[in-house]
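Peer 1: Prediction below, plus the sequence it came from.
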Amino acid sequence: MLSILAAMFFILASCGTNKKLKKAEDHVARLQGDSIAAANNLASCNSKLSDLNTQVSSLNAKNASLDQEAQACRQLKADLQARREQLNAALAEQGTSLKEIREKIVSGLSDLLDSGIEVTFKAGLLYIELPEKMLFKGGSATPAKNCNRTLSPLASVLNNYPRVLVYVVGHTDTVKIHNAKFEDNWALSTERANSIVRLLRDSYNMDPHRLLAVGRSKYSPIASNDTKEGRAQNRRIEIILNPDLAKLWDMMNN
């Protein structure tokens with residue numbers, strides 16, 4: 001009887017131990033699974049971290065390149081600013097400030113401005129429009145006696161700016177000239193420009209190297225040729241002042 005009870009007790013004890021063992025084995029299996037999952041997650045994080053590090057390196061390289069380009073742009077801007085300041089200084093030094101010249105011309109011709117004289121800026125140049133009646137008689141290229149009243153104050157200003165080039169341009173209306181001395185309006189406009197250039201050279205001692213005479217005939221009107229008033233506006237001498245930038249540039253480079 002005792003032996004039977006002992007056997008039964010052993011069997012019951014063995015069953016309890018096996019359950020604990022099975023539970024422990026299941027727990028170990030779960031831990032192993034969790035460990036494998038954690039290892040996989042860590043590997044994935046490391047891979048993403050590596051990708052991010054690669055992107056950061058690429059962005060740093062791009063930033064460095066952009067910094068270099070920005071520095072180059074800043075340097076170029078500084079160089080251009082310095083060059084412009086040099087040019088402005090050269091213009092001021094050589095007395096070729098067109099704004100300053102305009103102010104002096106307007107002041108010198110103040111008594112004549114009501115006669116139709118125009119002093120304006122166009123395309124960076126200074127234009128002085130002188131009506132025909134202030135310089136010539138109709139159909140003639142011989143300067144009128146009173147033309148010195150206009151040219152004298154003008155030449156006085158221009159002689160103070162020897163580096164400014166002076167272009168004298170003759171213009172006519174569309175009415176054909178009735179004068180045996182001139183073949184057509186082109187000849188008249190050209191000879192009128194020549195006459196003014198000769199006066200500036202001979203009577204006002206202007207350096208001929210800075211003078212240019214041009215005839216435009218009827219091909220550059222500023223008003224309609226259909227009216228008497230418009231034709232009178234078109235018959236004019238145009239004096240264009242242009243700073244000699246080539247000489248200024250050479251001066252700056254030296």
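Peer 2: Cool, the structure landed.

Peer 1: Longest helix in this structure, by number of residues?
Peer 2: When the chain is parsed with DSSP state H, its longest helix is helix 2-93.

Peer 1: The following helix or strand past it - what's its average pLDDT?
Peer 2: Using DSSP states H and E, the helix or strand that follows helix 2-93 in sequence is helix 98-108. Over the span of helix 98-108, the pLDDT mean works out to 88.

Peer 1: What is the end-to-end distance of stretch 158-174?
Peer 2: End-to-end span of stretch 158-174 (C-alpha to C-alpha, to the nearest Å): 32 Å.

Peer 1: Could you list the low-pLDDT ranges of the chain?
Peer 2: 1-16, 90-96, 245-254 (pLDDT under 70).

Peer 1: how does it divide into domains?
Peer 2: 1-93, 96-253 (automatic domain parsing).

Peer 1: which of these is buried the deepest?
Peer 2: Each of the domains of the chain was scored by mean neighbour count; the highest is domain 96-253, a mean of 17, by mean count of other C-beta atoms under 10 Å. The way it works is simple: take the backbone N, C-alpha and C, and place the C-beta from them, glycine included.

Peer 1: Could you list which residues are in contact with residue 120?
Peer 2: Residue 120 is in contact with 126, 127, 129, counting by C-beta atoms under 8 Å, 6 or more residues apart in numbering.

Peer 1: Tell me which of the residues you listed fall in strands.
Peer 2: Using DSSP state E to define strands, the subset of these located there is 126, 127, 129.

Peer 1: Quick check: the gap between the second one and residue 40.
Peer 2: Going from residue 127 to residue 40 by C-beta to C-beta, to the nearest Å gives 84 Å.

Peer 1: what's the answer for the first one, then?
Peer 2: Distance of residue 126 to residue 40, computed by C-beta to C-beta: 82 Å.

Peer 1: Which parts of the stretch 151-254 of the chain are strands?
Peer 2: Under the criterion DSSP state E, counting those that start in this stretch, strands of the stretch 151-254 of the chain are mapped to 164-171, 211-215, 236-243.

Peer 1: Figure out which of those is closest to residue 79.
Peer 2: strand 236-243 (22.4 Å; C-beta to C-beta).

Peer 1: Adjacent strands (with direction) for the closest one?
Peer 2: strand 125-131 (antiparallel), strand 164-171 (antiparallel) (DSSP bridges).

Peer 1: out of the ones you listed, nearest to residue 76?
Peer 2: strand 125-131 (28.4 Å).

Peer 1: Quick one: residues in contact with that closest one.
Peer 2: 98, 101-102, 105, 115-121, 150, 154, 222, 232-233, 235-242.

Peer 1: ditto for stretch 212-222
Peer 2: By C-beta under 8 Å, 6+ apart, the residues outside stretch 212-222 that reach it are 129, 165-174, 184-194, 196-197, 225, 230, 233-234, 236.
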